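Undergrad: Kindly return the folded structure for what I paste below:
(one chain, ligands or ions: 1)
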Amino acid sequence: MEAGIVGLPNVGKSTLFNALTSAGIASENYPFCTIEPNVGAVPVPDGRLDTIQKYIKTQKVVPAILQLVDIAGIVRGASEGEGLGNKFLSHIRNVDAILHVVRCFEDEDITHVDGKVDPIRDIETIDTELMLADLESVNTQIEKARRTARSGDKGAKRRVELLEMCKAVLDEGKPVRTIKCDDPNQKKEIDGLQLLTSKRVLYVANIEEDDLEGTGPHVQRVRERALEEGGEVVPVCARLEAELAELDEADRQEMLESVGLTEPALAVLARAAYNLLGLQSYFTAGEKEVRAWTIPIGATGPQAAGVIHTDFERGFIRVEVYSVDDLVQYQSEKAIREAGKLRVEGKEYTMQDGDVCHFLFNV
Ligand code: GDP
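TA: Next comes the predicted model:
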């Protein structure tokens, strides 16, 4: 699961990406993570890890991570090959969700590509490029699906229907993500068309140092915009976050207090992105490590085990589960077991957010 950062030039994408990814992830803990210059891993802060640690003594704590890609290069005309053009668009095709950075800070020293700060125009510029690319893709896909449908292929007929629905929305100048799907299957089908504007978007409003609550008129307009789409906005001051990321824990706390924040905005952002991707965590907790693992909402016990190792999914027998609340109440795993609160679940079990797990498997 991966989120891509997009935005016009000079809105603060690199500043934000560097701040997010400089938090010093110990890469030996994440062997599956590809680290390339524009790909980074961001820890997802989770207070439940601290809670577990209070009751289970451990050598190390490993948070969940979010993979981020910095997708630079979108400019007006990208869908026609301007800037990095199509290459840039193909990067977006590969991500699961989009973090769209919009400039809400005024600063005369930093040029805006369109001369003036206007977050809604910026959002529309980017959306237009993505919609134009989608229209092209939809038109090509419709032709193909129509040809296949003629031979009576039911799947192809359905594709034609879906593509026509997307085309109608795009023709109205709206992103595909604005289609209201009551049926989750339909949402899946639309996702399967691989369109850029069907991906979920989180707006990151890059705000000024002196408006950290994001009450200014620019942010307000982004909020209204997000509301119309059923989306979310996280206000972040990228410049401040970049400074915070450089400090050690004690200095960071001091600086946060001095500006009136309880945690870096990046923590809020990482969690919001994790939700946007439809992800949740479960924990394993032992002497060696207490660790959060990332799974899609709705994953089964064997699928969850498979995140640790593919062999564990195949050899899954059962899982013993308790909740962090159980741990707080009974104070040890032993006491949870004795109180009969340790649940034993089989292959059909749907994982709940925050389950603490022991897997039993054949290898
Ligand atoms: P990108 O082109 O979107 O990647 O933008 P950059 O991250 O390179 O930022 C462009 C310029 O804006 C740099 O000079 C940054 O220092 C500056 N910048 C980024 N975030 C902020 C911010 O929150 N406030 C102010 N005043 N300047 C910022």
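Undergrad: make it CA atoms for all contacts and neighbour counts henceforth
TA: Will do.
Undergrad: Outline the domain layout of the protein.
TA: Segmentation of the chain into domains, based on automatic domain parsing, reads 2-276, 298-361.
Undergrad: Tabulate those (CSV), appending distance to the ligand, mean pLDDT and mean neighbour count.
TA: Rendered in CSV, the data for the domains of the chain read as follows (distance: least, CA to the nearest ligand atom, whole Å; pLDDT from 0 to 100; neighbours: other CA atoms under 10 Å):
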stretch, distance to the ligand, mean pLDDT, mean neighbour count
domain 2-276, 3, 87, 18
domain 298-361, 33, 95, 17
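Undergrad: Spell out the residue ranges of the strands in this protein.
TA: With DSSP state E, the ranges of strands along the chain come out as 2-6, 39-44, 60-62, 64-70, 97-103, 200-206, 232-236, 279-285, 289-296, 316-323, 343-345, 355-361.
Undergrad: quick one, which of those is nearest to L261?
TA: Distances from L261 to each of the strands of the chain were compared using CA to CA; the shortest belongs to strand 232-236, at 11.4 Å.
Undergrad: show me what contacts V233?
TA: L202, Y203, V204, A205, V222, R223, A226 (CA atoms under 8 Å, 6 or more residues apart in numbering).
Undergrad: Might you report the residue contacts of the fifth one?
TA: Residues in contact with V222 (CA under 8 Å, 6+ apart) are P119, I120, Y203, A205, V233.
Undergrad: circling back: present the domains of the chain as a markdown table; the columns should include distance to F283.
TA: Below are those laid out as a markdown table (distance: least, CA to CA, whole Å):
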| stretch | distance to F283 |
| --- | --- |
| domain 2-276 | 8 |
| domain 298-361 | 5 |
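Undergrad: out of the strands of the chain, which comes closest to V113?
TA: Each of the strands of the chain has some distance to V113 by CA to CA; the shortest is strand 97-103, at 11.0 Å.
Undergrad: same for the closest one, what does it pack against?
TA: Counting by 3 or more CA pairs under 8 Å, 6 or more residues apart in numbering; DSSP states H and E, the packing neighbours recorded for strand 97-103 are strand 2-6, helix 119-150, strand 200-206.
Undergrad: rerun that using 6 Å as the cut-off
TA: Using 3 or more CA pairs under 6 Å, 6 or more residues apart in numbering; DSSP states H and E as the contact criterion, the secondary-structure elements in contact with strand 97-103 are strand 2-6, strand 200-206.
Undergrad: Not counting sequence-adjacent ones, nearest residue to D311?
TA: If you skip the residues right next to it in sequence, D311 has V363 as its closest partner in space, 6.7 Å away by CA to CA, 6 or more residues apart in numbering.
Undergrad: check contacts around the residue of the chain most remote from its centre.
TA: With CA atoms, centre = their mean as the measure, the chain has its most outlying C-alpha, relative to the mean C-alpha position, at S151: 40.1 Å. Residues near S151 by CA atoms under 6 Å, 6 or more residues apart in numbering: none.
Undergrad: repeat for the one 3 residues further on
TA: K154 sits next to no residue when contact means CA under 6 Å, 6+ apart.
Undergrad: And it, how far from V101?
TA: For K154, the distance to V101 (CA to CA, to the nearest Å) stands at 41 Å.
Undergrad: Can you lay out the contacts of V222 as TSV showing distance to Y349?
TA: Formatted as TSV, the contacts of V222 follow (distance: CA to CA, whole Å):
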residue	distance to Y349
P119	45
I120	44
Y203	34
A205	39
V233	34
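Undergrad: nearest to K167, of those?
TA: Using CA to CA as the measure, the one of those that approaches K167 most closely is I120, at 23.2 Å.
Undergrad: Disregarding flanking residues, what is the spatial nearest neighbour of the residue nearest to the spatial centre of the chain?
TA: Geometric centre of the chain, nearest residue: A273, 3.3 Å, by CA atoms, centre = their mean. If you skip the residues right next to it in sequence, A273 has L202 as its closest partner in space, 7.1 Å away by CA to CA, 6+ apart.
Undergrad: so what's the one you found bridging to?
TA: In this structure, L202 has the following beta-bridge partners (DSSP bridges): L99, E232.
Undergrad: hang on, the earlier thing: could I get the strands of the chain in TSV, plus columns for distance to D50?
TA: As requested, the strands of the chain are exported to TSV (distance: least, CA to CA, whole Å):
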stretch	distance to D50
strand 2-6	25
strand 39-44	13
strand 60-62	9
strand 64-70	13
strand 97-103	28
strand 200-206	27
strand 232-236	24
strand 279-285	12
strand 289-296	9
strand 316-323	14
strand 343-345	23
strand 355-361	13
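Undergrad: which ones are touching N206?
TA: V102, R103, C104, V236, C237.
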